[in-house]
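Asks: test case, fold it:
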Amino acid sequence: MHIETLYFLFFVFLIAVSGRWIVDSLMRVARYLGWKEFVVAFFVMAIAASLPNLFVGISSAFKGIPQLSFGDVAGNNLVALTLAVALAVLFAKDREIPAESRTVRATSFFTLAAAVFPLILTLDGTLSRIDGIALIGLFVVYIVWLFSKKERFVKTYDGTTPVLFAGFRVFLQDLGKIILGVALLLLASQGIVAFAQLFAQNLGVSIILIGVLITGFGSALPEVYFALVSARRGETWMILGDLMGAVIVPTTLVLGIVALIHPIEILDFSPFAVARVFLVAAAMFFLFFVRSHRKITPKEGIFLLSLYIAFLIVEILVK
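Replies: Numbers count the residues shown, from 1 in each chain. Okay, here's the model as predicted:
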């Protein structure tokens, strides 16, 4: 099984790298096309960072193991709400992530609702097609609210990028990278689903657990990368918008699409029990930190990082 493990880890790495390519290229495309900061932070980056979840979800649904997508999204959410936030605030120039924006503070409620809603819907053991429609409906409600006020579209995105923008030629190169990144995501998602199914069968490990611990971490790396880049450039206002969007999009739109393709049956919640508890705790603490001081401090970042480490330790010990 050693060679299979290496192949699996390679596909996880590939999905993380291709996701980062897409995020980088979209940032430069957004600057070239003059997209608004609000659209970039709250929509484009969140959608781009959720593409790994979408590709893994669709692939797993068509192969009859949508439980992998459920675990992948849960693991992704945990990383976004704990590890990504913690690293961003610790590397931020001002050593804090502001949450003064009313949009950010209001979206924190959507984030908690989106993180918990799929868990509630699966209490009967199944995320059905009707549940999938409900999740997509929540996504539509969020998007309608998000784009409802025109004052959010005033300032054009003008952030610096890791690679110097040099004009239309680079714009075309970035479009090519986006297309290549999507193709690599498709390839990597197929490999991840195939090897995850193999591990679940041969090692007796729950496929949900594989999604939570490994696939979810890999698919969340583009969000971690974007948060770190924004923190180091001093664009901390973009971090929370992206991370909250990267929680809302997978838990509503992605899981909704997966459930429509293939209902997700979870007959045994025991492998997912620890992740469920820590996910709810992470979402609630994140909401409290954003709403209480209108910023996230290094102390709160360290607490969230400790929460993720505690999750890993408990999950491994329980297993």
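
Asks: if I pick the nearest residue to residue 13 once chain neighbours are set aside, what's in contact with it?
Replies: Excluding the flanking residues, the one nearest residue 13 by CB to CB, 6 or more residues apart in numbering is residue 218, at 7.1 Å. Where you see a C-beta, it was placed from the backbone N, CA and C, and this is true even at glycine. Each residue near residue 218 by CB atoms under 8 Å, 6 or more residues apart in numbering is listed here: 12-13, 15-16, 52, 192.

Asks: which element, helix or strand, includes residue 218?
Replies: Following DSSP states H and E, one finds residue 218 within helix 216-232.

Asks: what is the neighbour count of residue 12?
Replies: For residue 12, the count of nearby residues is 23 (other CB atoms under 10 Å).

Asks: can you get me a residue count around the nearest residue to residue 64 once chain neighbours are set aside?
Replies: Using CB to CB, 6+ apart and skipping residues adjacent in sequence, the residue nearest residue 64 is residue 262, 6.5 Å away. Residue 262 has 21 neighbours, counted by other CB under 10 Å.

Asks: quick one: residues contacting residue 262.
Replies: Contacts of residue 262 (CB under 8 Å, 6+ apart): 61-62, 64, 66.

Asks: how far out from the middle of the chain is the helix holding residue 218?
Replies: Remark: helix 216-232 is offset 9 Å from the chain centroid, using CA atoms, centre = their mean, to the nearest Å.

Asks: ok, now stretch 57-66?
Replies: Centroid separation for stretch 57-66 versus its chain: 18 Å, with CA atoms, centre = their mean.

Asks: what's the span of it, first residue to last?
Replies: End-to-end span of stretch 57-66 (CA to CA, to the nearest Å): 7 Å.

Asks: quick one: buried residues of it?
Replies: 57-61, 65-66 (16 or more other CB atoms under 10 Å).

Asks: could you give the average pLDDT over it?
Replies: For stretch 57-66, mean pLDDT is 90.

Asks: cool, stretch 283-292 as well?
Replies: Mean predicted confidence for stretch 283-292 is 87.

Asks: got a list of contacts for that stretch?
Replies: By CB under 8 Å, 6+ apart, stretch 283-292 touches 77, 81, 85, 99, 104-105, 108-109, 111-112, 115-116, 240, 247, 296, 300, 303-304, 307.

Asks: which of those fall within helices?
Replies: Mapping those onto helices (DSSP state H) picks out 77, 85, 104-105, 108-109, 111-112, 115-116, 240, 247, 300, 303-304, 307.

Asks: for residue 46, state which of the residues you listed is nearest.
Replies: Nearest to residue 46 among these: residue 247, at 8.6 Å, using CB to CB.

Asks: now the angle from the strand or helix carrying residue 57 to helix 216-232?
Replies: Under the criterion DSSP H and E, the helix or strand holding residue 57 is helix 51-62. Counting by axes from the mean of the first three to the mean of the last three CA atoms, to 10 degrees, helix 51-62 points 170 degrees away from the direction of helix 216-232.

Asks: can you name every helix or strand that helix 51-62 contacts?
Replies: Secondary-structure packing of helix 51-62 (3 or more CB pairs under 8 Å, 6 or more residues apart in numbering; DSSP states H and E): helix 2-33, helix 67-78, helix 168-203, helix 216-232, helix 255-261.

Asks: return the distance of that helix from the chain's centre.
Replies: 13 Å.

Asks: ok, the ones in helices among the contacts of stretch 283-292 vs residue 228, which is closest?
Replies: Using CB to CB, residue 85 comes nearest to residue 228 of those, at 11.1 Å.

Asks: separation between the closest one and residue 216?
Replies: Remark: distance between residue 85 and residue 216 (CB to CB, to the nearest Å) = 16 Å.

Asks: likewise residue 115?
Replies: 13 Å.

Asks: pull the distance from stretch 78-91 to the chain's centre.
Replies: For stretch 78-91, the distance to the chain centre is 12 Å (CA atoms, centre = their mean).

Asks: what residues sit buried inside it?
Replies: Neighbour-count burial for stretch 78-91 flags 78-89 (criterion: 16+ other CB under 10 Å).

Asks: ok, of these, which one's closest to residue 316?
Replies: Nearest to residue 316 among the buried residues of stretch 78-91, with distances taken as CB to CB, is residue 78, at 14.2 Å.

Asks: for the stretch 1-150 of the chain, which spans come out with low pLDDT?
Replies: 1, 34-43, 149-150 (pLDDT under 70).

Asks: and the nearest residue to residue 281 once chain neighbours are set aside, what is it in contact with?
Replies: Spatial nearest neighbour of residue 281, excluding adjacent residues (CB to CB, 6+ apart): residue 307 at 6.7 Å. Residues in contact with residue 307, defined by CB under 8 Å, 6+ apart, are 82, 278, 281-282, 285.
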